[in-house]
Each structure stands twice: as C-alpha cells, then as structure tokens.
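Asks: Structure for this input, please:
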Amino acid sequence: MIDINPKYITNSDGEQFVLLKRHEFDALLEALDDQDDIRIYDKAKKEDDGTRFLFLDYLKNKESKKA
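Replies: The predicted structure follows:
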C-alpha cells in the first residue's frame, strides 16, 4: 500500500488541487506503471497461442522483409 498524505487546495475560482510530496507522487506513478505492465502481461498471456521461435530467426525474417 502506498502511504500518501495529500493536501487539498481550492483557489478563488473554486478549482480544487491536490498537493503531494515528490516521493509520494513518484510512488503513485510507479504503482500506475506496474498496473499497466500487469495489464499488458495479462493480455499477452491470454492471446498466447504457444508459438515460439528463435530470436535469430526473428532477426533474419525482419532483415529479409527490409530487402
């Protein structure tokens, strides 16, 4: 769990803002990035058909498509 202590500010137009310490903000960004990585991994795993090939074969195929 991320420990944050937000401070709320309202300006004269009634707009509200949230202030966080830099390390709290960075922790939130990292947590969001981790969640995105998990989402991408889960999607890739769901779509995995079991096909595998060597990286060298991938590079050869990529080069042959350029020519």
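
Asks: starting at the chain centroid, how far to the strand or helix carrying D34?
Replies: Using DSSP states H and E, D34 sits in helix 22-47. Its chain's C-alpha centre and that of helix 22-47 lie 4 Å apart, by CA atoms, centre = their mean, to the nearest Å.

Asks: same question, stretch 55-67
Replies: Here stretch 55-67 is found 29 Å from its chain centre; the criterion is CA atoms, centre = their mean.

Asks: What residues sit buried inside it?
Replies: Buried residues in stretch 55-67, counted by 16 or more other CB atoms under 10 Å: none are found. All C-beta atoms are positioned from the backbone trio N, CA, C, and that covers glycine.

Asks: hmm, back to that, does anything pack onto the helix or strand following the helix holding D34? Which helices or strands?
Replies: Tracing the chain past helix 22-47, the next element assigned as helix or strand by DSSP H and E is helix 55-66. On a contact count with 3 or more CB pairs under 8 Å, 6 or more residues apart in numbering; DSSP states H and E, helix 55-66 meets no helix or strand.
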